[in-house]
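Peer 1: coordinates for the following, if possible.
(3 chains)
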Amino acid sequence: MRTSARNHFTGQIAAVKAGAVNDEITLRADGGLEIVAIITHGSAASLGLAAGKPAFALVKASSVIVMVDADASKVSTRNVISGTVASVTKGAVNAEVVITAPGGAQVAAIVTNESADRLGLAAGKTAAALFKASSVIIGVDA
Amino acid sequence: MRTSARNHFTGQIAAVKAGAVNDEITLRADGGLEIVAIITHGSAASLGLAAGKPAFALVKASSVIVMVDADASKVSTRNVISGTVASVTKGAVNAEVVITAPGGAQVAAIVTNESADRLGLAAGKTAAALFKASSVIIGVDA
Amino acid sequence: MRTSARNHFTGQIAAVKAGAVNDEITLRADGGLEIVAIITHGSAASLGLAAGKPAFALVKASSVIVMVDADASKVSTRNVISGTVASVTKGAVNAEVVITAPGGAQVAAIVTNESADRLGLAAGKTAAALFKASSVIIGVDA
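Peer 2: Residues are numbered from 1 along each chain as shown, chains lettered A, B, ... in the order given. Below is the predicted model:
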């Protein structure tokens, strides 16, 4: 399974909370990260998601927000990965920012150049990657 | 109705599954594609969505993921459109990838250049466009 | 709290509608804008969201669609902000479009150049910014 999603976390399902239309899925990724996803109940059922099942999570770089004075308790995003900026690659309008978490996991974000400048993003700076549970895709290998 | 959304599918509502906060809407698009959307129950009610009603679906190119060895049964994205890459247009950071489905429908995706290179995306290559039901906007013309 | 999200609206919570997995939150932003967000019930609970609580809403520019013949009754996006194009900044693939609402609030959108050209977006033109409730992040300062 190869996709364009820059962010790919492998691990196993830790919890499934079912709703009428949407389910909330928690994936415990290798390295200890916990990723929360909101997917339709139909998808969760057809993938056979249940605690302990190996699975992976995909997140597009364009769905990731970068925050520089992160306080996870203050925002609604269920996924907050704190770390250090590894690189900032600028285009004419957008910049790609890669953040490395303490355990070595990397998260790529696409932000506007204006935002990268305003936040003073540069290699070595402390920053966090935020993404909504609704931006996460869950997959299984078999 | 003219919007910046690169992907616009016209058709009619095939099903509405109601929840407390969100509804799941299935649109049967011209050419046979089925598009699944998650929208708030308030929106579905105010648009008067019901089976048989003409409607359209909008999807931003930045919400679309490209997959090169697609197996729709293995990912949670409700929308998987398989086809052939028609074009790849690169910028400094992002590339626009257009995929043509067998029925002629086209889907545009914005991915990072790194992803386009990693997947070897080029005109003629088999690929699929994936997008979450929560990334789909539903509209009606009257 | 400083983030890369180009769109940051401060105000107070006007309403919380609870579901099993997701809650629908309405924020009345300074200047009178009403922003609707879908967040997980777990997030709403941990943030202590209730009517009257000061809060803010974040929206990534890449989650915003631009419409030139806006009719809010015709699309499922809960958030439609009409105004005038303040600027269009083009890159190789994407363009950043800033729309100013009558009250002075500004919304930034990232769209493809192809879309900006097709819609004839230019400073002074009437346009609307649309974004889904599921694209909105809610935060609190304390």
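Peer 1: just the helices in chain A please.
Peer 2: Remark: helices of chain A, listed N- to C-terminal, are A:41-47, A:113-119; assignment by DSSP state H.
Peer 1: is the first one in proximity to chain B?
Peer 2: Yes: taking C-beta under 8 Å from any C-beta of the partner chain as the criterion, helix A:41-47 and chain B are in contact, through A:Gly42, A:Ser43, A:Ala44, A:Ser46, A:Leu47. Where you see a C-beta, it was placed from the backbone N, CA and C, and this is true even at glycine.
Peer 1: what residues does that helix touch?
Peer 2: Contact with helix A:41-47 is made by A:16, A:18-23, A:25, A:55, A:138-140, B:24, B:73-78, as judged by C-beta atoms under 8 Å, 6 or more residues apart in numbering or on different chains.
Peer 1: buried stuff in stretch A:115-124?
Peer 2: Neighbour-count burial for stretch A:115-124, with 16 or more other C-beta atoms under 10 Å in any protein chain shown as criterion, is recorded at A:Ser115, A:Ala116, A:Leu119, A:Leu121.
Peer 1: pull the CA atoms of stretch A:129-142 into PDB?
Peer 2: Provided in PDB are the C-alpha atoms of stretch A:129-142 (Å, rounded to 0.1, in the frame of the first residue of the first chain):
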ATOM      1  CA  ALA A 129       2.100  19.300  14.700                       C
ATOM      2  CA  LEU A 130      -1.700  19.300  15.200                       C
ATOM      3  CA  PHE A 131      -4.300  17.500  13.100                       C
ATOM      4  CA  LYS A 132      -7.900  16.700  13.600                       C
ATOM      5  CA  ALA A 133      -9.200  13.200  14.100                       C
ATOM      6  CA  SER A 134     -11.400  13.800  11.000                       C
ATOM      7  CA  SER A 135      -8.200  14.200   8.900                       C
ATOM      8  CA  VAL A 136      -6.900  10.800   9.700                       C
ATOM      9  CA  ILE A 137      -7.400   7.800   7.400                       C
ATOM     10  CA  ILE A 138      -7.200   4.300   8.900                       C
ATOM     11  CA  GLY A 139      -5.900   1.300   6.800                       C
ATOM     12  CA  VAL A 140      -5.200  -2.300   7.300                       C
ATOM     13  CA  ASP A 141      -2.700  -4.400   5.400                       C
ATOM     14  CA  ALA A 142      -4.800  -7.600   5.200                       C
END
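Peer 1: in CSV: the buried residues of stretch A:115-124, plus pLDDT.
Peer 2: Below are those laid out as CSV (pLDDT from 0 to 100):
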residue, pLDDT
A:Ser115, 92
A:Ala116, 94
A:Leu119, 93
A:Leu121, 96
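Peer 1: quick check, nearest of these to B:Val107?
Peer 2: The shortest distance between B:Val107 and any of the buried residues of stretch A:115-124, using C-beta to C-beta, involves A:Ser115 and amounts to 27.6 Å.
Peer 1: measure the closest one to C:Asn7 for me?
Peer 2: Taken as C-beta to C-beta, to the nearest Å, the spacing of A:Ser115 relative to C:Asn7 amounts to 11 Å.
Peer 1: hmm, back to that, format the residues of helix A:41-47 next to chain B as CSV; extra columns: pLDDT.
Peer 2: What follows is those, written out as CSV (pLDDT from 0 to 100):
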residue, pLDDT
A:Gly42, 90
A:Ser43, 92
A:Ala44, 93
A:Ser46, 90
A:Leu47, 93
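Peer 1: filter those residues down to the buried ones, ChimeraX style.
Peer 2: If you want just the buried ones from the residues of helix A:41-47 next to chain B in ChimeraX, going by 16+ other C-beta under 10 Å, the selection is:
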select /A:42,43,44,47
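Peer 1: strands of chain A, start to end?
Peer 2: A:7-18, A:22-29, A:34-40, A:54-59, A:65-67, A:79-90, A:94-100, A:106-112, A:126-131, A:136-139 (DSSP state E).
Peer 1: nearest to B:Leu130, of these?
Peer 2: Taking C-beta to C-beta as the measure, these were each checked against B:Leu130, and strand A:136-139 came out nearest at 7.2 Å.
Peer 1: about what we covered before: and chain C, which of the contacts of helix A:41-47 reach it?
Peer 2: Residues of the contacts of helix A:41-47 in contact with chain C (C-beta under 8 Å from any C-beta): A:Ala18, A:Gly19, A:Ala20, A:Asn22, A:Asp23.
Peer 1: farthest pair within those?
Peer 2: Maximum distance among these (C-beta to C-beta): 9.7 Å, for A:Ala20 and A:Asp23.
Peer 1: does stretch A:14-29 reach chain B?
Peer 2: Yes: figure legend: stretch A:14-29 in contact with chain B (C-beta under 8 Å from any C-beta); contacting residues A:Gly19, A:Ala20, A:Val21, A:Asn22.
Peer 1: number of nearby residues for the first one?
Peer 2: Neighbourhood size, A:Gly19 [other C-beta atoms under 10 Å in any protein chain shown]: 20.
Peer 1: quick check, pLDDT for A:Ala101.
Peer 2: A:Ala101 carries a pLDDT value of 92.
Peer 1: domains in chain A, by residue range?
Peer 2: Under automatic domain parsing, the residue ranges defining each domain of chain A are A:7-60+A:132-139, A:61-131.
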